[in-house]
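1. Sharing a model prediction with you, sequence too.
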Amino acid sequence: MANFYKDNDDIKFLLNHMDLGELADLMEQGYKYAEQFDTAPANAQDAIENYELVIDSLGQLCADFVAPRSEEMDHEGNELLPDGSVKRPKAMYEILDQLAKAQVMGMTLPHRFGGLNFPSLMLSVANEMVSRADASLMNIFGLQGIAETINFFADEELKQKYLPDLANGKHTGAMVLTEPDAGSDLQACKVKAFQDADGQWYVHGVKRFITNGCGEVLLIMARSEPEISDGRGLSLFSCYKSPTVHIRRLEDKLGIHASPTCEIFFDNTPVELVGERQRGLITYVMALMNGARIGISAQGLGIGEAAYRIARDYAASREQFGGPIEKLPPIRDLLINMKISVEESRSLLYEACRVVDHEIGMNKTIENPDSDPALVKETKKRLRMIKRYAAMLTPMTKYISTEMANQVASDSISVLGGSGYMRDYACERYFRDARITNIYEGTTQLQVVAAVRHVTNGTAEKYIAELAEYDYEPQTVELLEILKANTETMQECVKFIKERGIDYMDLYGRDLVDIAVKIIGGYLFCQQACSKFDMQTAVGKNGKTMSMKERKLAIAKRYINRCNFEIEACRKRILSGCKSSFELYEEIAGPVPELA
Ligand SMILES: Cc1cc2nc3c(=O)[nH]c(=O)nc-3n(C[C@H](O)[C@H](O)[C@H](O)COP(=O)(O)OP(=O)(O)OC[C@H]3O[C@@H](n4cnc5c(N)ncnc54)[C@H](O)[C@@H]3O)c2cc1C
């Protein structure tokens, strides 16, 4: 039987390379839940076995049940019925039913609501496999962040109201933020929230581009303070779908056809306030979007993995000029670059999740009344830094993974040539599906804006210094020297950019973030090449295998040496001082054209 976990040695290797026991300890807080809940683990080993069991069965479901239905769902799409309800593709109902039965719809929710209390790392592994099978499905599966937001910020009554049915898969949710005049700039949201004399809240207005807006549970951001025009005037609300929630249209779009994108009109819809007034955008939606950015990183990764596999398979069997095309140097180069980009994204995503899980777990330690006061004090101190690392790595992974998905999906079509452009092969769907990943949950430009702050304020430097402290083995010495020199380049560029002000920083933000990401990626590959864990992995044909650590060393060498040239190119651009994008914009761009 096919299995998207079992057939992926990189996932297996990374999960063993990382300290899952430490994450389990943080999540389970002394394994105190085991006495109360059958599903809660009694110790770290129990927890890790449980992670593997769930991922393994989900991997099989994705490979055997979801992936074979993906093409059909893409063709069928969703339909808005005259009564205002949305008809999903037939197979989507069956798949959501299977996922509910597999009890994976509340992966990170606490045991007490029927969740699995898994770290976000395991949700990302799941999201990748689901997306590899069907990127549209991942949108619905991945919206588990809505439940997390309710769990983090709502009061107990709302948690009890919404979470059990989200965890058991009876309900799905939607994140209702975007409006016609408020996309990247969510502070501009206008949808009104107001109270009646009894204190009941209502929401009125139009939201657009809402994924799964036909879901049962809606989290809506609206302006509760009409006199405050920025983000401080926004609050977060929840409600079930009801006759006052009208789906006005479904978007007709390029990809993710099986994921309904809805325009919603709220007609004085009764809602509940989540958490405190005015913290809607600045606290709750920021947290919600950070989780969702990790989710979309995994979505991009799943698409990239699927697109790479189809290209690798095709290149081995397609013959031109008397042999398989994989023997041709440009095709080899493409395939190797695709594979390394996929593994770079996975390394970065898992690392971001590890840090985010530490943040979540450390908060639990601080809130746990049984925690030792000395530990709480120590944890509070470390948490400040961990929060900054999480805030930096989250936009970085979103940027890298989703750009990777687009590039790899495009390269996959290149490898398949004309056949890749036809609907006969799934790579045209991967290409279409990938395109949204670097738009929603904040475009790539917005991820760069978020990440660059942390490169210029010293967070990247501190984090890289921590990465450099790992217990590396001698085989990486030369590579570490290059990374050290690259770090000095980063410092030089940061200084130069800071001296030139905010516009210059925005102009060269991507180059600067690229430098930081390439250094981080280099260290992560070196760590994998020096891992305490090793396993054999299949290479080439005839059942040949090699050590995964040796394979990772080969990747680290190629990656770091190539990135070294790219970092130099970024440095030259940054230090050029060129501001032609500002100064010569009108001259080069010409007048705004009149469109026919
Ligand atoms: C299929 C789909 C599903 C979606 N699902 C949801 C959902 O479930 N819930 C939800 O609330 N929203 C959803 N969205 C909305 C999505 O998050 C927004 O489309 C996205 O944030 C971009 O906003 P916009 O489309 O208004 O583009 P704009 O904000 O108009 O951006 C246009 C261009 O300007 C650039 N730009 C804007 N501001 C800056 C800046 N400060 N610096 C640099 N560049 C900038 C952008 O990068 C982009 O290139 C979805 C969108 C789509 C297409």
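-> Received it, and whenever you're ready, just let me know what you need. None of these values were measured; they are calculated from a predicted model.
2. can we go C-alpha only for contacts and neighbour counts from here?
-> Will do.
3. Just checking the biggest helix by length in the chain against the ligand, any contact.
-> Assignment by DSSP state H gives helix 373-416 as the longest helix of the chain. No: Helix 373-416 stays clear of the ligand (CA under 6 Å from any ligand atom), getting no nearer than 11.5 Å.
4. which helices and strands sit right next to that helix?
-> helix 286-317, helix 329-367, helix 418-421, helix 427-437, helix 444-456, helix 459-468 (3 or more CA pairs under 8 Å, 6 or more residues apart in numbering; DSSP states H and E).
5. Which of those sits closest to K170?
-> helix 286-317 (21.0 Å; CA to CA).
6. Downstream of that closest one, the next helix or strand is which one?
-> strand 319-320 (DSSP states H and E).
7. can you list contacts of the helix or strand following that next one?
-> Going down the chain from strand 319-320, the next helix or strand is strand 323-324, by DSSP H and E. Residues outside strand 323-324 that contact it (CA atoms under 8 Å, 6 or more residues apart in numbering): 315-318.
8. Kindly tell me how buried L383 is, as a neighbour count.
-> Using other CA atoms under 10 Å, L383 has 19 neighbouring residues.
9. hang on, the earlier thing: the contacts of strand 323-324, buried ones only, as a PyMOL selection?
-> Burial among those is assessed by 16 or more other CA atoms under 10 Å; the matching PyMOL selection reads:
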select buried, resi 315
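10. give me phi/psi at V86?
-> Backbone dihedrals for V86, given as degrees, to the nearest 10, come out at phi -110, psi 130.
11. Quick check: the gap between it and R249.
-> 10 Å (CA to CA, to the nearest Å).
12. Tell me the residues that contact both of these two, please.
-> With CA under 8 Å, 6+ apart, V86 and R249 have common neighbours L80.
13. how far away is the nearest residue to A538 once chain neighbours are set aside from the ligand?
-> Nearest residue to A538 in three dimensions, chain neighbours excluded: T545, at 4.2 Å (CA to CA, 6 or more residues apart in numbering). Distance check for T545 against the ligand: by CA to the nearest ligand atom, to the nearest Å, it reads 42 Å.
14. before we move on, what about A589?
-> A589 sits 16 Å away from the ligand when distances are taken as CA to the nearest ligand atom.
15. what does this structure put close to the ligand?
-> Where the chain comes near the ligand, counting by CA under 6 Å from any ligand atom, the residues are 175-178, 182-185, 209-211, 261, 439-443, 445-446.
16. Report the buried members of the residues you listed.
-> 175-178, 183-184, 209-211, 261, 439-443, 445-446.
17. Where does L109 sit: helix, strand or coil?
-> Taking DSSP: H, G, I helix; E, B strand; the rest coil as the rule, one finds L109 in the coil state.
18. what residues are up against it?
-> Contacts for L109 were tallied using CA under 8 Å, 6+ apart; they are 115-118, 147-148, 151, 167.
19. how does the chain divide up, domain by domain?
-> 1-171, 173-273, 289-433, 444-580 (the TED database).
20. will you turn those into TSV that also has mean pLDDT?
-> TSV is the format used below for these (pLDDT from 0 to 100):
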stretch	mean pLDDT
domain 1-171	96
domain 173-273	97
domain 289-433	97
domain 444-580	97
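21. Go through these and name the closest to A596.
-> domain 173-273 (22.2 Å).
22. Okay, and which of the residues of the chain next to the ligand map to strands?
-> 175-176, 209-211, 261 (DSSP state E).
23. Look up the closest residue to Y504, ignoring the ones flanking it.
-> I497 (6.5 Å).
24. Any idea how many residues pack against the one you found?
-> I497 has 23 neighbours, counted by other CA under 10 Å.
25. Show residues contacting the helix or strand where it lies.
-> Using DSSP H and E, the element containing I497 is helix 477-500. For helix 477-500, the external contacting residues (CA under 8 Å, 6+ apart) are 455-456, 461, 504-505, 508, 512, 515-516, 519, 522-523, 526, 556-557, 560-561, 564, 567, 571, 574-575.
26. Buried ones among those?
-> Buried, going by 16+ other CA under 10 Å: 455-456, 461, 504-505, 508, 512, 515-516, 519, 522-523, 526, 556-557, 560, 564, 567, 571, 574, out of the contacts of helix 477-500.
27. quick one on the thing from earlier: want to try TSV for the ones in strands among the residues of the chain next to the ligand, with distance to M404 as columns?
-> Formatted as TSV, those follow (distance: CA to CA, whole Å):
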residue	distance to M404
M175	25
V176	27
F209	24
I210	24
T211	22
T261	24
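28. Just give me the closest of these to G199.
-> Once CA to CA is applied, the member of these that ends up nearest G199 is V176, at 22.5 Å.
29. The residue in the stretch 451-596 of the chain positioned nearest to the ligand and Q187: what is the separation?
-> Closest to the ligand within the stretch 451-596 of the chain is D506: 7.7 Å, counting by CA to the nearest ligand atom. Between D506 and Q187 the computed distance is 20 Å (CA to CA).
30. now P369
-> According to CA to CA, P369 and Q187 sit 37 Å apart.
31. of the two, who's got more company?
-> Using other CA under 10 Å, the more surrounded residue of P369 and Q187 is Q187, with 17 against 10.
32. Nearest residue to the more buried one in space, ignoring adjacent ones along the chain?
-> G231 (4.5 Å).
33. residues in contact with the one you found?
-> 186-188, 278, 281-282.
34. So which of the residues you listed is surrounded by the most neighbours?
-> For these, neighbours were counted using other CA under 10 Å, and L281 has the most, 25 neighbours in all.
35. got the contact list for that one?
-> So L281 contacts 186-187, 221, 231-232, 234-236 (CA under 8 Å, 6+ apart).
36. Repeat that for G145.
-> 288, 291-292.
37. Identify the bridge partners of the one residue in the stretch 251-400 of the chain that gets nearest to the ligand.
-> Closest approach between the stretch 251-400 of the chain and the ligand, counting by CA to the nearest ligand atom: T261, at 5.6 Å. When assigned by DSSP bridges, T261 has beta-bridge partners T211.
38. who's in contact with it?
-> Counting by CA under 8 Å, 6+ apart, T261 has contacts 209-213, 250-251.
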